[in-house]
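Q: got a structure for you, letters missing:
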């Protein structure tokens, strides 16, 4: 029996489509909420899956309610779960949603496109009572209090007040209407009757927060009282005007909120994937009278993810240095809410040995319910080398414990905690996400799975790697890791031909693979390809020293690590060294381009998604010009003009300088609405390759931005990549 990649072209295309559908058929858990009694546990969960039958494809959102009976002397045992309800919605127009703290209500803000290209979207709040068909509706757009509603987790969630009478969300502030100096029909009565409309501002450009946030210039928290007898919508007064706000949480009395404020500097820089933007916490102590205080040094620090202790005695949040690398190790900060005295609960970790805790690396704002019932232990998830782990911190002593088992390689995400019961999702390279429950008071800390997911025939292992020793490079003492994926080993597979290998570095560069379920890797494994996913030096989850070690060394250290991992994979797996490919996006595309330029005879083909090709050419176009300076090891000065030396150093570490050596057949995938990496980078690279006689192809996705994440685009990218590699094998 042969591998799928050994099939003829048409058969391989059919097999690739089938592999993608199989790898994506299981829904991904996106959220969960607990209700706990002495007799049972009720779980409200949300999940997402994809449909491909329509022209654009669509997401399916599923809401499920499970009930699990408790058993045993201590109630730590669980019977098989019973599904109480399950509803799915295709092509959902839900912008943002959440369950109430008591689990009795589900709130969702929905949107509808305007009737014309110039018309604004309309928004509606729908609150549904669990177990009934009773819903409350409120047109938010009719209130005319704000602009577009933020759906990005960067700005936060739809947050319930403790008494469940109010909600707070984040939206673009309402801006004055504009009109032309020359109405289309003067004197006809068709010109605007709005006296507040500003003449001449019809084409005013408003700076925005960049990639995926181009609709947002100045964001504000919006409070809504949703019950039908007292419905109202308002933007609280008292917040300083030169900040954009997000991640709001409620105070104890349901009449105060705390939110993050990002400083609106002279030029707004991209915010998504950038946890280092200058910011502070702002506290509106009374919504009705606009009393506002701030916490944090907005000029030197960046904060995110505020959450209160159960008795509202403490406010916790994550903090890191402002500016510098776009993601770094964070400290966990505790503020006594009465005295406003602050203390560090978990400090920044510079380095660690073995598999010890290496610091907090979180992208999201975390969970609002993150505490033990006695208010003495706080829980969170974090990147922990090549895994995502759930951690507890006992505040009186600072003792930390890893609650997710080290033996279960994969990605654990904390969803909720109630009465010392933890709800989490878990996936690994072979198995999509499942829901699991842990009783924190149980001595042996055994996770119990509530839902199941069929595993695919994928073998995997995490490799520990060390760079070559160098007396001139202190970063040579910093370890890194890689994850190997391969078709499940059987007696039959041992008789087959050696495997082709895909080398896959992540983007960022300060992000990481967490040994989670990745549909594209799982699908390529079904086709008989092996993959090595590389967490090179500079990846998150390995301590602050690892992050800092890459600055000024991109194009060198990260490339060397990727190549070392590729060679190690050839030693560990039955792979064919003449069938090696490289695939990456953004900075991963940067590394893919470097790989085929620095090691031209090693790689047979390459696929790059929105790759960084020439940093000097990216500087004046990207939404994060500071990235080009920081990663090249240069001073970040937004007011400085680039000198010839600065541009030369940027160019020197860019893969475009090795384009003359490239031999590998290269496929480039471009999202034409990408504000992070200019599409011109990939277009120019293809032109350079073709002019040198290298086989090259470019696919342009006009409606996609940096992640190339729309339903049909994801599928098309995967199939085209695998077909490209298959053609290169031929």
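A: The structure has been received and is ready for your questions. All values reported here derive from a predicted model rather than from experimental measurement. Numbering: from 1, shown residues only.
Q: remind me which residues of this structure are low pLDDT?
A: Low-confidence segments of the chain (pLDDT under 70): 1-2, 91-92, 117, 185-195, 366-367.
Q: same for the lengthiest strand in it, what does it pack against?
A: Identified as the longest strand of the chain according to DSSP state E is strand 58-71. Packing partners of strand 58-71 (3 or more Cβ pairs under 8 Å, 6 or more residues apart in numbering; DSSP states H and E): strand 40-51, strand 77-78, strand 82-90. All C-beta spots, glycine's among them, are computed from the backbone N, C-alpha and C.
Q: how about those strands in a markdown table, adding distance to residue 497?
A: Output for those, formatted as a markdown table (distance: least, Cβ to Cβ, whole Å):
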| stretch | distance to residue 497 |
| --- | --- |
| strand 40-51 | 32 |
| strand 77-78 | 46 |
| strand 82-90 | 41 |
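Q: Ok, which of those strands comes nearest residue 516?
A: With Cβ to Cβ as the criterion, residue 516 lies closest to strand 40-51 of the helices and strands packed on strand 58-71, at 14.8 Å.
Q: Please name every helix or strand in contact with the closest one.
A: Using 3+ Cβ pairs under 8 Å, 6+ apart, strand 40-51 sits against strand 28-36, strand 58-71, strand 431-439, helix 711-729.
Q: With distance to residue 566 and mean neighbour count added, can I get those in JSON lines?
A: Below are those laid out as JSON lines (distance: least, Cβ to Cβ, whole Å; neighbours: other Cβ atoms under 10 Å):
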{"stretch": "strand 28-36", "distance to residue 566": "29", "mean neighbour count": "21"}
{"stretch": "strand 58-71", "distance to residue 566": "35", "mean neighbour count": "18"}
{"stretch": "strand 431-439", "distance to residue 566": "26", "mean neighbour count": "22"}
{"stretch": "helix 711-729", "distance to residue 566": "15", "mean neighbour count": "20"}
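Q: quick one: which of these is nearest residue 99?
A: Between the helices and strands packed on strand 40-51, strand 28-36 lies closest to residue 99; by Cβ to Cβ that is 3.9 Å.
Q: and the angle from the closest one to strand 58-71?
A: Compare the direction of strand 28-36 with that of strand 58-71 by axes from the mean of the first three to the mean of the last three Cα atoms, to 10 degrees and you get 30 degrees.
Q: outside of strand 28-36, which residues touch it?
A: For strand 28-36, the external contacting residues (Cβ atoms under 8 Å, 6 or more residues apart in numbering) are 41-49, 98-99, 102-103, 415-419, 421, 423, 425, 432-435, 451.
Q: Now, of these, which are buried?
A: 41-47, 49, 98-99, 103, 415-418, 421, 423, 425, 432-435, 451 (16 or more other Cβ atoms under 10 Å).
Q: so what strands line up beside the longest strand of the chain?
A: Strand 58-71 has the following strand partners under DSSP bridges: strand 40-51 (antiparallel), strand 77-78 (antiparallel), strand 82-90 (antiparallel).
Q: And these: which comes nearest residue 250?
A: So among those, strand 40-51 is nearest, using Cβ to Cβ, at 19.6 Å.
Q: list the buried ones in the helix or strand containing residue 10?
A: Using DSSP states H and E, residue 10 sits in helix 9-23. Neighbour-count burial for helix 9-23, counted by 16+ other Cβ under 10 Å, picks out 12-13, 15-17, 19-20, 23.
Q: Please apply the same query to stretch 697-709.
A: By neighbour count with 16+ other Cβ under 10 Å, stretch 697-709 contains the buried residues 697-699, 701, 704-708.
Q: and the residues you listed as JSON lines, adding distance to residue 8 and secondary structure?
A: Conversion of these to JSON lines gives the following (distance: Cβ to Cβ, whole Å; DSSP: H, G, I helix; E, B strand; the rest coil):
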{"residue": "697", "distance to residue 8": "20", "secondary structure": "strand"}
{"residue": "698", "distance to residue 8": "26", "secondary structure": "strand"}
{"residue": "699", "distance to residue 8": "23", "secondary structure": "strand"}
{"residue": "701", "distance to residue 8": "28", "secondary structure": "strand"}
{"residue": "704", "distance to residue 8": "31", "secondary structure": "coil"}
{"residue": "705", "distance to residue 8": "36", "secondary structure": "coil"}
{"residue": "706", "distance to residue 8": "35", "secondary structure": "coil"}
{"residue": "707", "distance to residue 8": "33", "secondary structure": "coil"}
{"residue": "708", "distance to residue 8": "28", "secondary structure": "coil"}
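Q: Thanks a lot, catch you later.
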